[in-house]
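A.B. asks: could you look at this predicted model? Sequence included:
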Amino acid sequence: MPDYLLPQGAGYGVVVGIGLFFSAFMIMLTAIQARYTGFSPKNSEEFTSASRSIKPGLIASGIVSAWTWAATLLQSSAVAYKFGISGPWWYGAGATVQILLFAMLAAKLKLNAPYAHTWLEIIGARWGKVAHGVFMFFGLATNIIVSSMLVLGGSATVTDLTGMHTIAACFLIPLGVAIYVVVGGMRSTLLCDYTHTTALFAIILTFIFTKMHELLTAASVHAPVSGNAHGSYVTMRSKNGLIFGVINIIGNFATVFQDQAYWQRAIASRPGTTVKAYLLGGLAWFAIPFTFATTLGLAAVALNGDADMKVLTPADVSAGLPASAAAAALLGKSGATAILILLFLAVTSACSAELIAVSSILTYDVYKAYINPRATEEQILRVGHAGVAFYAIVCGVAGTIFYYIGISMGWLYTFMGVLLGSAVVPIALAITWRKANKWGCIGGAIAGLLLGIVAWLVTAATRHDGLLTVETTGGDYEMLAGNLAAIGVGGIVATVVSYIWPEDFSWEATRSINKPAAPESEKVAEDSDSDKKGADVAVSTKAASIADSFDRTEEDKELDPVALTKAFNFASWSSIGLFVTLILIIPLPLFFSQHVYGVGGFTGWVIVGIIWTFFSAFAVVIYPLWESRAAIAQISKGVFKDLFQRGSGKFVAETPGATAQSAHV
Ligand SMILES: NC(N)=O
């Protein structure tokens with residue numbers, strides 16, 4: 001039996017114990033919200049969309065949390081281990097630009113479908129059932145691939161460090177998360193995301209960078225990297241690093257643009273600050289893989305041959321294990337424990353985003369669209385809860401299937417663009433361009449999928465004498481061919497057909513999705529008494545007395561088309577500018593110059609990463625607290641009053657018919 005650094009009990013303790021801790025925490029948060037702010041996830045709009053009232057700092061934190069997968073920590077470190085410093089750059093930059101560019105889609109969402117629950121509702125309203133079904137395939141496939149990677153990466157690490165059975169981890173991870181998502185809904189999930197992100201930054205910042213350059217220089221003498229300038233780890237001139245960069249960019253376009261989790265954060269956001277939230281979230285997220293992998297992934301290289309360092313096989317690298325091996329070698333049991341907790345927090349918060357995302361699709365795009373169009377509030381909420389539980393089981397099953405087939409997180413990560421990449425451009429066109437042609441977009445998505453798979457398999461067969469296995473299909477060139485064909489064919493077909501046969505869509509159909517019908521004065525939140533009467537609770541629409549409340553009048557003001565068009569224009573030039581800087585202007589001159597960093601240059605490179613991490617922590621840890629100071633004060637005041645006179649701190653609506661939803665977090 002192999003030796004494990006931590007006892008099996010530590011694995012179960014973290015997976016089950018922290019899962020239960022967060023469930024209890026969520027129950028407490030939900031009770032506090034209901035008592036002191038009048039908010040309750042007993043309302044379906046609140047459960048799935050947090051009443052579209054969340055401020056930018058908390059949305060940014062939720063984006064960082066949902067976008068920090070097991071792969072963000074493990075795969076980024078694996079490519080650092082394989083390719084040197086170019087790996088973390090291409091991982092970080094190649095997956096942050098999509099979040100930045102998504103700011104444009106988010107602005108268009110608020111402009112063209114401000115009350116939609118899911119991105120698929122927009123497709124359905126614009127193009128009908130066939131398009132809805134085709135793109136739902138891509139949407140749900142994205143959720144399944146992402147969730148499987150979360151479960152596979154999380155379980156591989158837990159097993160490697162503690163010996164906990166992989167299948168137990170595959171099921172227990174999503175089930176623990178499902179409990180707290182069902183209890184808290186979208187708003188509390190975002191609050192839990194915030195606590196996860198805070199802990200994540202605290203742990204990353206504790207991994208101190210020491211003597212790395214000397215160790216890496218020695219490593220490149222012993223084990224030079226093929227395709228790198230002078231075989232060095234401290235150069236951006238890495239052929240395989242660049243290939244990974246292209247695969248990474250394509251795959252991550254797919255998993256942002258067609259994952260309901262990112263649309264859901266745009267939907268939960270206040271209209272006026274959505275663009276800001278995505279730009280902030282994208283910039284903040286970059287630091288996580290970049291700094292983590294530059295330190296721990298390269299430490300794994302540097303520590304090769306060290307007595308405390310585990311000898312890593314190619315399968316270990318594909319499973320993403322260099323980071324945990326390095327942390328254990330550097331810091332012993334405490335390093336292993338820190339990695340275990342870090343991984344668990346990353347996996348659970350991203351998993352919670354996937355659970356509520358799929359639950360929303362099952363509720364609004366399957367149940368309400370095709371099974372029960374007249375569903376009541378109560379039925380919708382019940383299906384939403386069942387959807388979370390059902391999808392948690394699907395995650396466990398999917399992880400188990402991939403585990404037994406022998407498909408690792410790293411394999412899936414490079415494959416995601418082959419399966420999903422063809423729908424990226426069609427979806428972006430469908431949401432942003434009135435001229436987008438329905439059949440061009442559907443045809444492009446399907447043709448791209450088929451040709452992507454053909455290009456992938458033909459490349460594998462050609463390079464391996466017709467032998468097709470998980471290993472032969474998982475190479476860099478095979479995945480590159482499939483990724484490029486999928487996104488290229490999908491994009492070209494959708495764009496060319498739309499230019500030849502342009503539509504002239506007015507967006508009226510999408511703007512009226514779920515549009516509130518009643519005059520605002522009639523839509524009031526109910527207090528707990530009316531909850532008991534079983535009334536369908538509408539989200540409050542009237543102003544509260546407190547400074548940072550968000551009411552229907554303000555929402556209408558923020559939905560002003562002129563302001564949203566301005567926000568879209570700002571999102572366009574800033575995100576495209578950042579894309580060009582991060583993907584072309586910084587890395588390509590370094591690649592072509594074949595520069596190998598000296599001690600000073602490498603130290604500077606790492607220091608930039610550390611400073612960026614501090615700024616990111618400020619943006620997604622401190623800023624959300626600051627913007628919610630009025631809500632925090634209101635809750636504290638309520639708790640304080642209750643301490644002295646029980647019941648006196650409870651939130652009370654001001655006047656009948658004008659019940660307020662008070663301060664928002
Ligand atoms: N979210 C990613 N690609 O790490």
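C.D. replies: The structure has been received and is ready for your questions.
A.B. asks: tell me, how many neighbours does Ala619 end up with?
C.D. replies: Per other C-beta atoms under 10 Å, the neighbour tally for Ala619 reads 21. Every C-beta, even on glycine, is put in place using the N, C-alpha and C of the backbone.
A.B. asks: how close does it sit to Thr613?
C.D. replies: In this structure, Ala619 and Thr613 are 11 Å apart, going by C-beta to C-beta, to the nearest Å.
A.B. asks: how about Gly231?
C.D. replies: For Gly231 relative to Thr613 (C-beta to C-beta), the value is 29 Å.
A.B. asks: more neighbours: these two, which one.
C.D. replies: When Gly231 and Thr613 are compared for neighbours, Thr613 comes out ahead with 21 against 17, by other C-beta under 10 Å.
A.B. asks: what's near enough to touch the more buried one?
C.D. replies: Phe201, Ile204, Leu205, Ala287, Ile288, Thr291 (C-beta atoms under 8 Å, 6 or more residues apart in numbering).
A.B. asks: apply 7 Å and report the result again.
C.D. replies: Ile204, Leu205, Ala287, Thr291 (C-beta atoms under 7 Å, 6 or more residues apart in numbering).
A.B. asks: show me which pair in those is furthest apart.
C.D. replies: Leu205 and Ala287 (10.2 Å; C-beta to C-beta).
A.B. asks: who has more neighbours out of these two?
C.D. replies: Using other C-beta under 10 Å as the criterion, Leu205 and Ala287 rank with Ala287 on top: 25 against 13.
A.B. asks: hang on, the more buried one packs against Ser616?
C.D. replies: Yes - using C-beta atoms under 7 Å, Ala287 is in contact with Ser616, at 4.2 Å.
A.B. asks: now do the same end-to-end measure for stretch 270-277.
C.D. replies: Across its full length, stretch 270-277 reaches 10 Å between end residues, using C-alpha to C-alpha, to the nearest Å.
A.B. asks: what about Ile407, neighbour count?
C.D. replies: With other C-beta under 10 Å as criterion, Ile407 counts 18.
A.B. asks: show me the contacts for the residue in the stretch 101-250 of the chain that the ligand sits nearest to.
C.D. replies: Per C-beta to the nearest ligand atom, Asn248 is where the stretch 101-250 of the chain lies closest to the ligand, at 7.4 Å. Asn248 makes contacts with Trp90, Tyr91, Gly94, Ala95, as judged by C-beta under 7 Å, 6+ apart.
A.B. asks: three-state assignment of it?
C.D. replies: For Asn248, the assignment made with DSSP: H, G, I helix; E, B strand; the rest coil gives helix.
A.B. asks: ditto for Leu298
C.D. replies: Following three-state DSSP, Leu298 is assigned to helix.
A.B. asks: could you pull up the contacting residues of the closest residue to it other than its chain neighbours?
C.D. replies: Closest residue in space to Leu298, ignoring its immediate chain neighbours: Ala80 at 5.2 Å, by C-beta to C-beta, 6 or more residues apart in numbering. Ala80 makes contact with Gly87, Pro88, Ala293, Thr294, Gly297, Leu298, according to C-beta under 7 Å, 6+ apart.
A.B. asks: what sits closest to the fifth one if chain neighbours are left out?
C.D. replies: What sits nearest to Gly297 in space, not counting adjacent residues and going by C-beta to C-beta, 6+ apart, is Ala80, at 2.6 Å.
A.B. asks: what about the host helix or strand of that neighbour and the ligand, any contact?
C.D. replies: Using DSSP states H and E, Ala80 sits within helix 70-83. Yes - counting by C-beta under 6 Å from any ligand atom, the ligand is contacted by helix 70-83 at Ala71, Thr72.
A.B. asks: any idea how far that helix is from the chain center?
C.D. replies: From the chain centre to the centre of helix 70-83 is a distance of 17 Å (C-alpha atoms, centre = their mean, to the nearest Å).
A.B. asks: for stretch 440-460, give the mean pLDDT please.
C.D. replies: Throughout stretch 440-460, pLDDT has a mean value of 98.
A.B. asks: likewise for stretch 381-390?
C.D. replies: 93.
A.B. asks: cool, stretch 205-224 as well?
C.D. replies: Per-residue pLDDT values over stretch 205-224 give a mean of 56.
A.B. asks: what residues does the chain have near the ligand?
C.D. replies: Residues of the chain lying near the ligand (C-beta under 6 Å from any ligand atom): Trp67, Trp69, Ala71, Thr72, Ala95, Asn252.
A.B. asks: correct me, but the fifth one touches Ala254?
C.D. replies: It refers to Ala95. No - applying C-beta under 7 Å as the test, Ala95 and Ala254 come out as separate, 11.2 Å apart.
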